[in-house]
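*Asks:* Attaching a predicted model along with its sequence, questions to come.
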Protein chains: 2
Amino acid sequence: MKSFVILLATLPLAAQTPQRIQSPEVKPDRTVTFRLRAPSAQQVFVQVETLSKPSAMTKGEDGVWTYTAGPLDPDYYGYSFIVDGTPFTDPSNPLRKPNYIYQTSEFHVAGPGLPWELSDAPRGVVHRHFYHSAVVGDDRDFYVYTPAGYETNPKQKYPVLYLQHGYSDDASGWTAVGRANVILDNLISQGKAKPMLVVMSLGYGAPEILQPNVSFRDADVRSRNFGRFTDALLQEVIPQVEKKYRAIADRRSRAMAGLSMGGAETLLTGLNHMDKFAWIGAFSSGGMTNEFDKQWPKLDAKANDQLKLLWVACGTEDGLIKINRDFREWLKSKGVKHEDVETPGAHTWPVWRRNLATFAPLLFR
Amino acid sequence: MKSFVILLATLPLAAQTPQRIQSPEVKPDRTVTFRLRAPSAQQVFVQVETLSKPSAMTKGEDGVWTYTAGPLDPDYYGYSFIVDGTPFTDPSNPLRKPNYIYQTSEFHVAGPGLPWELSDAPRGVVHRHFYHSAVVGDDRDFYVYTPAGYETNPKQKYPVLYLQHGYSDDASGWTAVGRANVILDNLISQGKAKPMLVVMSLGYGAPEILQPNVSFRDADVRSRNFGRFTDALLQEVIPQVEKKYRAIADRRSRAMAGLSMGGAETLLTGLNHMDKFAWIGAFSSGGMTNEFDKQWPKLDAKANDQLKLLWVACGTEDGLIKINRDFREWLKSKGVKHEDVETPGAHTWPVWRRNLATFAPLLFR
């Protein structure tokens, strides 16, 4: 057994901590216990997505801080520890939400039958493409979901949903956190959604908007971010997708949707390019200003002849509910037909997973 | 601008920290400064991959701890902070190495022209497949790299390298950390490697081997882990790949390689199934025992007629160098031809990226 002693001696320092602890522990009663070994810390909180404020953890004699939350509704949740004021992910948990700014761990409270849960549905494939963007001037990626059966039906062509992530997410957000591929696997398998491709590209036309010294509030950066995003999507991503995949290259077979910043991008790109998209879904949109006339100067009731669906959703506890209501009022004033969707919830992924599960079945009918 | 105030108010708690800091900062002279705001901490270290011991950070008046390492050789490095004894990833850095046990952040010291650096080479695609493993009894994934030109040359068939990750890694390890896709993009573009598919599946036949209360030293679990890994690869992964991709289904067009636990898996699977593989590469193998005769009971000099390449590598500073040297001595005693490869370095990714960049060009000649 000598070799294993040697093997362990070569592992990183973290391996030399006395004993691994289990955190989080999700119990059958849907309570969740968090644990952190931090004997010298003075105060530790755990901040759980959807819970309004951080919860104080209790230190045990073994130096391990614990807190039990719940019972929680079945879902995926982000969380972080706040140790004497500094936010950290959970060192005992490999699940993490990819994000450029906010590092959070993740846990799952299982709820069989929910749209984002694994089931017996045949699984699609997620393809990651890499390219140099001439529009933005960087090397970037986009993801393409192909539904089960794509490889075995070589003559079938598919409509495409272009699905945008939010500010601080990366292009993997909708699959890694949003579980878009699992949601589509389930909906398609159950006959609730049409088989479709889902394309998830990088939402930054001005990636400097993520830098510590730049603010999303900076109107110049934001305008460049939105403008170049649209150009990269229309000039670079869509042509690659329609060349590499059996996509139906027709506005009635293209949908666009997104969350938060990606919702604003969907409205800005989609409603200004109805020659490209006939189906539009905006989830908890953030980033457009109240000057709606300036952002959609040509939008009027003629859109009703082109749009098959304009679906504008927001959680009622979301700080963005007001601008979304204002936007829908403005649409009404312009005579533009749309679906008003308000659901429980704040500016969180549980809302957006449900948005996608509700929106995708409406497409390409 | 009101909407942005609202938007920011809805962001997670981490956003409410006074000011984002930049960490790590990689400077043109290849020194790297790490920063962590932790005013109440008593002692903070940073542990950097390839550096033998943790470095003490210094606390500034602003409560921010800093340390500058280097200059460092161009490469990708893992690191973590150790705050009063607890290891954490860097809350300011979105780059993280995916791993089931050791949570570490990552940074990049650029070295244009190195095999893992982005270049003008055309980019391949990384496909993520999901399936239910009947052998192991879980839902799992595998990744397939297709080289540039795969879609546009529909009649070309490709040889396949089956590439295994190490203990505690997941199936994304070889792309996310090992940059296998970028290395192949470069080698193929430069004419140094043949165009090939690379398949990266999950290396756990007994996933319970990852649990806090189970040890990799447990011979029963390890044996089940290796046995079911082999079965899942041969019975589930390879058939799916050869059905879904234009793979040449012939032993001379199949290679297998892996690092650490994946090196042992490669030797155990490959050398016991030479009807399936003609090219074998073991990088810093760990997990086999010194009882070589028991693990390869039929191996003898007849293997020389079947194997096109048996490449056994280890870093000279790796704790596993001895068992790898012993194994090669045993191969010699059996009259089995192989390449002895010793390179500088320990049990770290910089060694394995270089192993892949050296090994892949030898394949399918």
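*Replies:* Thanks, I have the structure now. Just so it is clear, the structure is predicted and the values come from calculations on it, not from any experiment.

*Asks:* residue in the stretch 151-300 of chain A nearest to chain B?
*Replies:* A:Pro212 (3.8 Å; C-beta to the nearest C-beta). C-beta: built from backbone N, CA, C; applies to glycine.

*Asks:* Please name the residues that touch the closest residue to that residue other than its chain neighbours.
*Replies:* Excluding the flanking residues, the one nearest A:Pro212 by C-beta to C-beta, 6 or more residues apart in numbering or on different chains is B:Arg20, at 3.8 Å. Residues near B:Arg20 by C-beta atoms under 8 Å, 6 or more residues apart in numbering or on different chains: A:Ile101, A:Pro212, B:Ser92.

*Asks:* which stretch of helix or strand covers B:Arg20?
*Replies:* B:Arg20 belongs to no helix or strand when assigned by DSSP states H and E.

*Asks:* tell me the pLDDT at it?
*Replies:* On the pLDDT scale, B:Arg20 is placed at 90.

*Asks:* quick revisit: from the contacts of B:Arg20, list the buried ones, please.
*Replies:* Applying 16 or more other C-beta atoms under 10 Å in any protein chain shown to the contacts of B:Arg20, the neighbour count classes A:Ile101, B:Ser92 as buried.

*Asks:* from the contacts of B:Arg20, which is closest to A:Gly60?
*Replies:* Of all those, B:Ser92 has the smallest distance to A:Gly60: 29.5 Å, by C-beta to C-beta.

*Asks:* for the closest one, what are its contacts?
*Replies:* Counted by C-beta under 8 Å, 6+ apart, B:Ser92 has contacts A:Pro212, B:Arg20, B:Ile21, B:Gln22, B:Ser23, B:Arg35, B:Leu36.

*Asks:* any idea how far the last one lies from B:Val83?
*Replies:* Taking C-beta to C-beta, to the nearest Å as the criterion, B:Leu36 is separated from B:Val83 by 7 Å.

*Asks:* about what we covered before: could you dump the contacts of B:Arg20 to TSV with pLDDT?
*Replies:* Below are the contacts of B:Arg20 laid out as TSV (pLDDT from 0 to 100):
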residue	pLDDT
A:Ile101	95
A:Pro212	88
B:Ser92	96
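
*Asks:* Restricted to helices, list the contacts of B:Arg20.
*Replies:* With DSSP state H as the criterion, helices contain none of the contacts of B:Arg20.

*Asks:* any chance of the contacts of B:Arg20 in CSV, plus distance to B:Thr68?
*Replies:* Formatted as CSV, the contacts of B:Arg20 follow (distance: C-beta to C-beta, whole Å):
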residue, distance to B:Thr68
A:Ile101, 24
A:Pro212, 18
B:Ser92, 15
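
*Asks:* And the contacts of B:Arg20, which is closest to A:Asn181?
*Replies:* Distance to A:Asn181, by C-beta to C-beta, is smallest for A:Ile101 among the contacts of B:Arg20, at 24.1 Å.

*Asks:* Nearest spatial neighbour of that closest one, chain-adjacent residues omitted?
*Replies:* The nearest residue in space to A:Ile101 (C-beta to C-beta, 6+ apart) is A:Ser168, at 4.2 Å.

*Asks:* just A:Trp352 next, same as before
*Replies:* Per C-beta to C-beta, 6+ apart, closest to A:Trp352 is A:Leu259, 4.5 Å.

*Asks:* show me what contacts the one you found?
*Replies:* So, once contact is read as C-beta under 8 Å, 6+ apart, A:Leu259 ends up touching A:Gln164, A:His165, A:Gly166, A:Gly178, A:Phe283, A:Ser284, A:Trp352, A:Asn355.

*Asks:* hmm, 6 Å instead?
*Replies:* A:Gly166, A:Phe283, A:Ser284, A:Trp352 (C-beta atoms under 6 Å, 6 or more residues apart in numbering or on different chains).

*Asks:* Include neighbour count and pLDDT when you put those into CSV, please.
*Replies:* Below are those laid out as CSV (neighbours: other C-beta atoms under 10 Å in any protein chain shown; pLDDT from 0 to 100):
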residue, neighbour count, pLDDT
A:Gly166, 27, 98
A:Phe283, 31, 98
A:Ser284, 31, 98
A:Trp352, 29, 98
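
*Asks:* can you put the residues you listed in a markdown table and add secondary structure?
*Replies:* Shown next, in a markdown table, are those (DSSP: H, G, I helix; E, B strand; the rest coil):
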| residue | secondary structure |
| --- | --- |
| A:Gly166 | coil |
| A:Phe283 | strand |
| A:Ser284 | coil |
| A:Trp352 | helix |
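
*Asks:* Distance to A:Met57 added to these, as JSON lines?
*Replies:* Below are these laid out as JSON lines (distance: C-beta to C-beta, whole Å):
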{"residue": "A:Gly166", "distance to A:Met57": "29"}
{"residue": "A:Phe283", "distance to A:Met57": "33"}
{"residue": "A:Ser284", "distance to A:Met57": "30"}
{"residue": "A:Trp352", "distance to A:Met57": "28"}
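
*Asks:* what's the domain layout of chain A?
*Replies:* Following automatic domain parsing, one gets these domains for chain A: A:16-109, A:125-362.

*Asks:* burial of the closest residue to A:Lys308 other than its chain neighbours, as a residue count?
*Replies:* Excluding its sequence neighbours, the residue lying closest to A:Lys308 (C-beta to C-beta, 6+ apart) is A:Ala278, at 4.5 Å. Counted with other C-beta atoms under 10 Å in any protein chain shown, residues neighbouring A:Ala278 total 22.

*Asks:* again with A:Glu242
*Replies:* Count around A:Glu242 with other C-beta under 10 Å applied: 14.

*Asks:* which regions of chain A lie under the pLDDT threshold?
*Replies:* Across chain A, the ranges flagged by pLDDT under 70 are A:1-18.

*Asks:* helix/strand/coil for the residue nearest to the spatial centre of it?
*Replies:* Centroid-nearest residue in chain A: A:Trp174, 3.9 Å away (criterion: C-alpha atoms, centre = their mean). At A:Trp174 the chain is in helix, as set by three-state DSSP.

*Asks:* Kindly report the same for A:Thr230.
*Replies:* Assignment for A:Thr230 (three-state DSSP): helix.

*Asks:* ok, now A:Phe359?
*Replies:* Going by three-state DSSP: A:Phe359 is helix.

*Asks:* Return the member of the contacts of B:Arg20 nearest to A:Val199.
*Replies:* A:Ile101 (23.8 Å).

*Asks:* Quick check: that closest one touching A:Gly166?
*Replies:* No: judged on C-beta atoms under 6 Å, A:Ile101 makes no contact with A:Gly166 at a distance of 10.9 Å.

*Asks:* which residues touch A:Asp75?
*Replies:* Applying C-beta under 6 Å, 6+ apart, the residues contacting A:Asp75 are A:Val109, A:Pro350.

*Asks:* A:Arg325 now?
*Replies:* Taking C-beta under 6 Å, 6+ apart, one finds nothing in contact with A:Arg325.

*Asks:* Which element, helix or strand, includes it?
*Replies:* helix A:321-333.

*Asks:* Okay, buried residues for that helix please.
*Replies:* Going by neighbour count (16+ other C-beta under 10 Å), the buried part of helix A:321-333 is A:Ile321, A:Ile323, A:Asn324, A:Phe327, A:Arg328, A:Trp330, A:Leu331.

*Asks:* try stretch A:82-93
*Replies:* Buried, per 16+ other C-beta under 10 Å, within stretch A:82-93: A:Ile82, A:Val83, A:Asp84, A:Thr86, A:Pro87, A:Phe88, A:Thr89, A:Asp90, A:Pro91, A:Ser92, A:Asn93.

*Asks:* quick check, the helix or strand that contains A:Val221 touching chain B?
*Replies:* Secondary-structure element containing A:Val221, defined by DSSP H and E: helix A:219-232. No: Helix A:219-232 lies out of reach of chain B by C-beta under 6 Å from any C-beta of the partner chain, never closer than 8.0 Å.
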